[in-house]
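In: I need the structure of the sequence given here:
(one chain, ligands or ions: 2)
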Amino acid sequence: MKGARKLYVKSFGCQMNVYDSQRMADTLAPEGYVETATAEDADLIVLNTCHIREKAAEKVYSELGRLRRLKEAAAADGRSLLVAVAGCVAQAEGDEIVRRAPAVDLVVGSQNYHRLPDLVAHAARGGRVVDTDFALDDKFDHLAAPSRAATRARGVTAFVTVQEGCDKFCAFCVVPYTRGAESSRPAEKIVTEVERLADAGVREVTLIGQNVNAYHGVGANGRPWRLARLLERLAGMPGIERLRYTTSHPLDMDDDLVAAHRDLPALMPQLHLPVQSGSDRVLAAMNRRHSRADYLDVVARLREARPDLALTSDFIVGFPGETENDFAATLTLVEEVGYAGAFSFKYSPRPGTPGADMSRQLQEAEKSDRLRRLQRVIDQEQAKFSRACVGRTLSVLFERPGRHRGQIVGRSPYLQPVQIQAPPSLIGEIADVTITEVASNSLFGALASPLSSPCKGEVGERGEPGGGLTPPRTAVGGSTLPLPGREKIAGAGA
Ligand code: 5AD
Ligand code: SF4
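Out: Ligands and ions are numbered 1, 2, ... in the order given. Coordinates of the predicted model:
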């Protein structure tokens, strides 16, 4: 390892970016880069950006303005600070970023992270670099795996990318342009990655992809495996107690995947299944390739397989041409499905997508009004779902200390945050909690049975202050997975 330098990675947007940020840190670790939690003392800052909506992209430019001042301050101190822009804004805007933001030394597209060490070395010699080609070689073959210590420091839950890109071309969405065509990683590579995670103490794995249930990787037998087969393989792996996957497209919900929700106890009863709109006219204009009835049919099949399935969704209000009647159909769909939560967004025209050129764009005020009305209904549904948990005993995987003294926080099978008063030694454990109260986004409860010997093996050590388990160092520009029903962040895709 070369002399230690400090790396600060700030991730915006979806879970895929959180995962990519970690892999960038892993790839730069052998170059001597150690992660730091603050931009101020960094030698290299990477902004891992999101382009899904205009607001997300604009955030990057305002952050770059701040970094310019930080860079000037570092120079005044005789230190050099390198600034890199990665992710979907990098992919979409390339040279434009270097032109618009003088602080930027290097721009790297989402398929080229394995080249970071070379690109950083070039930038350190004073060259400004833009590398946004879609690489022909598979970046996953070259990206360094995390060390055991790095995995443990990131906690007991982990994301694993299984596919990238999308071929669906919804009329509002930049993903097919920024992340490219759909491509799936070979099953064996995913299995090996999950084995390493399990070995380092990870107990819950979320398989991620922009259109994750379109997964069709080469299986162990050389035949294509769909997502259900991959989940089945991982469900039997020692140490891995919980599996999830996100984000899915309704059309790719095949029978085997539906059956997996019935047959695999490790597959948690929670699914993010974006519908975007409840109106057939709008769904057609969005090129979603499914109707409201198709979506409801998928939901019915899923609920037949797993009656307690918690569903979440994404919605866009104010797509071009959306009438009040169309919008009313979205409101009734939310009630008909009975979501456990949902993300909702005002339509944001993205340059280069068909929606941006459509006539009958809606006024901002109209979009804001519809968003408010939709969020009211989503909140009601979410509250209903949470209230129904009171009095129930749910198994909770504890992930980290809570905000208040003596509190720890975990997730229910339905992905709700659950807070209880309990010792940190329980972090990393799954225990039954009786739910006593609900707040807007969290459940509160108490252990269903008194603590006997919760600390098995290395768990106590990981939960102790200064031990292996600390919050992720990589700063995240938003939460990672739904439940909250707001225009906040979300996963990109499907
Ligand atoms: N405008 C508003 N919301 C969008 N999304 C994707 N593209 C846009 C856009 N142009 C939302 C969709 C998607 C989620 C990740 O972001 O709801 O499911
Ligand atoms: Fe693909 Fe999802 Fe974007 Fe549609 S919304 S193009 S399915 S990533």
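In: how about the residues of the chain by ligand 1?
Out: 52-53, 172-173, 274, 276, 314, 316, 345, 347-348, 350, 490-493 (Cβ under 6 Å from any ligand atom). C-beta here means a position set from N, CA and C on the backbone, and glycine is covered the same way.
In: ok, which of those residues also contact ligand 2?
Out: Among those, the residues within reach of ligand 2 (Cβ under 6 Å from any ligand atom) are Cys173, Gly493.
In: hmm, which of the residues of the chain next to ligand 1 is lowest in pLDDT?
Out: For the residues of the chain next to ligand 1, the weakest pLDDT value sits at Ala490, with 50.
In: just flag the most distant two among the residues of the chain next to ligand 1.
Out: Using Cβ to Cβ, the pair of the residues of the chain next to ligand 1 lying farthest apart is Tyr347 and Gly491, separated by 18.0 Å.
In: which of the residues of the chain next to ligand 1 fall in strands?
Out: Asp314, Ile316, Phe345 (DSSP state E).
In: against ligand 2, how distant is the last one?
Out: Read it as Phe345. Phe345 is 11 Å from ligand 2, where distance means Cβ to the nearest ligand atom, to the nearest Å.
In: measure the closest residue to Glu364 other than its chain neighbours to Glu54 for me?
Out: Distances taken as Cβ to Cβ, 6 or more residues apart in numbering put Lys346 closest to Glu364, at 7.6 Å, once the chain neighbours are dropped. Distance, Lys346 to Glu54, by Cβ to Cβ, to the nearest Å: 10 Å.
In: compare those two (neighbour count), which wins?
Out: Each of Lys346 and Glu54 has its neighbours counted (other Cβ atoms under 10 Å); Lys346 has more, 20 against 13.
In: okay, and the beta partners of that one?
Out: Judged by DSSP bridges, the bridge partners of Lys346 are Val317.
In: quick one: pLDDT of the nearest residue to Ser248 once chain neighbours are set aside?
Out: Closest residue in space to Ser248, ignoring its immediate chain neighbours: Asn213 at 4.2 Å, by Cβ to Cβ, 6+ apart. pLDDT for Asn213: 98.
In: surely Asn213 is in a helix?
Out: Yes - assessed by DSSP: H, G, I helix; E, B strand; the rest coil, Asn213 belongs to a helix.
In: can you give me the mean pLDDT across stretch 280-293?
Out: Mean predicted confidence for stretch 280-293 is 98.
In: follow-up on the earlier one: Tyr347 and Gly491 - which one has more neighbours?
Out: It is Gly491, of Tyr347 and Gly491, that has more neighbours when counted by other Cβ under 10 Å, with 27 against 22.
In: keeping just the C-alphas, turn stretch 205-213 into CSV.
Out: What follows is stretch 205-213, C-alpha atoms only, in CSV (Å, rounded to 0.1, in the frame of the first residue of the first chain):
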residue,chain,number,x,y,z
VAL,A,205,-28.5,-8.8,1.2
THR,A,206,-30.5,-6.6,-1.2
LEU,A,207,-29.9,-7.5,-4.9
ILE,A,208,-30.1,-4.3,-6.8
GLY,A,209,-30.4,-3.2,-10.4
GLN,A,210,-32.2,-0.5,-12.4
ASN,A,211,-34.6,-3.2,-13.6
VAL,A,212,-33.6,-6.0,-11.3
ASN,A,213,-36.2,-8.5,-12.2
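In: who in the stretch 351-494 of the chain is up against ligand 2?
Out: Going by Cβ under 6 Å from any ligand atom, the residues of the stretch 351-494 of the chain near ligand 2 are Gly493, Ala494.
In: now do the residue nearest to Gly321 when sequence neighbours are not counted against ligand 2, distance only.
Out: Leaving aside its sequence neighbours, Gly321 sits nearest to Arg360 (Cβ to Cβ, 6+ apart; 4.4 Å). As judged by Cβ to the nearest ligand atom, Arg360 and ligand 2 stand 21 Å apart.
In: hang on, the earlier thing: for Pro423, state which of the residues of the chain next to ligand 1 is nearest.
Out: Set against Pro423, the nearest of the residues of the chain next to ligand 1 by Cβ to Cβ is Gly491 (32.8 Å).
In: got any ranges where this protein has weak pLDDT?
Out: Along the chain, segments meeting pLDDT under 70 span 1-3, 135-137, 450-492.
In: can you give me the strands in the stretch 251-400 of the chain?
Out: 270-272, 310-317, 341-346, 393-401 (DSSP state E, counting those that start in this stretch).
In: check contacts around the residue nearest to Ser248.
Out: Asn213 sits next to Leu227, Tyr245, Ser248, His249, Asp252, Met253, Asp254, Leu257, Ala494 when contact means Cβ atoms under 8 Å, 6 or more residues apart in numbering.
In: neighbours around the fifth one, how many?
Out: Meaning Asp252. 18.
In: that one against Ala214, yeah?
Out: Yes - contact criterion Cβ atoms under 8 Å: Asp252 and Ala214 qualify, at 4.7 Å.
In: residues contacting Ile45?
Out: For Ile45, the contact set (Cβ under 8 Å, 6+ apart) comprises Leu7, Tyr8, Val9, Lys10, Ala39, Leu67, Leu70, Leu81, Leu82, Val83, Ala84.
In: try 7 Å this time
Out: Shown in contact with Ile45 (Cβ atoms under 7 Å, 6 or more residues apart in numbering): Tyr8, Ala39, Leu67, Leu81, Val83, Ala84.
In: in CSV, list those residues along with neighbour count, secondary structure and distance to Val418.
Out: Putting the contacts of Ile45 into CSV (neighbours: other Cβ atoms under 10 Å; DSSP: H, G, I helix; E, B strand; the rest coil; distance: Cβ to Cβ, whole Å) gives the following:
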residue, neighbour count, secondary structure, distance to Val418
Tyr8, 24, strand, 31
Ala39, 19, helix, 32
Leu67, 23, helix, 37
Leu81, 23, coil, 40
Val83, 24, strand, 39
Ala84, 24, strand, 37
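In: of those, closest to Leu28?
Out: Looking at the contacts of Ile45 and their distance to Leu28, the nearest is Ala84, at 10.0 Å (Cβ to Cβ).
In: for Ala42, see how far away that closest one is.
Out: 11 Å.
In: which is the next helix or strand following the helix or strand Ala92 falls within?
Out: Assigning secondary structure by DSSP states H and E places Ala92 in helix 87-93. Next in sequence after helix 87-93, counting helices and strands by DSSP H and E, comes helix 95-100.
In: not counting its neighbours along the chain, what's nearest whichever residue of the stretch 51-200 of the chain sits closest to ligand 1?
Out: For the stretch 51-200 of the chain, the residue closest to ligand 1 is Phe172, as judged by Cβ to the nearest ligand atom, at 4.0 Å. Closest residue to Phe172 apart from its sequence neighbours, by Cβ to Cβ, 6+ apart: Gly355 at 4.4 Å.
In: now a PyMOL select for only the buried ones of the residues of the chain next to ligand 1.
Out: Selection of buried members from the residues of the chain next to ligand 1 for PyMOL, criterion 16 or more other Cβ atoms under 10 Å:
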select buried, resi 52+53+172+173+274+276+314+316+345+347+348+350+490+491+492+493
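In: dump the contacts of Asn213 to CSV, plus distance to Gly406.
Out: Compiled in CSV, the contacts of Asn213 are given as follows (distance: Cβ to Cβ, whole Å):
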residue, distance to Gly406
Leu227, 40
Tyr245, 34
Ser248, 38
His249, 43
Asp252, 44
Met253, 42
Asp254, 46
Leu257, 41
Ala494, 39
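In: closest one to Val418 out of those residues, please.
Out: Of all the contacts of Asn213, Val418 sits closest to Tyr245, with 21.3 Å by Cβ to Cβ.
In: ok, that closest one touching Leu207?
Out: Yes - Tyr245 is in contact with Leu207 according to Cβ atoms under 7 Å; the separation is 4.2 Å.
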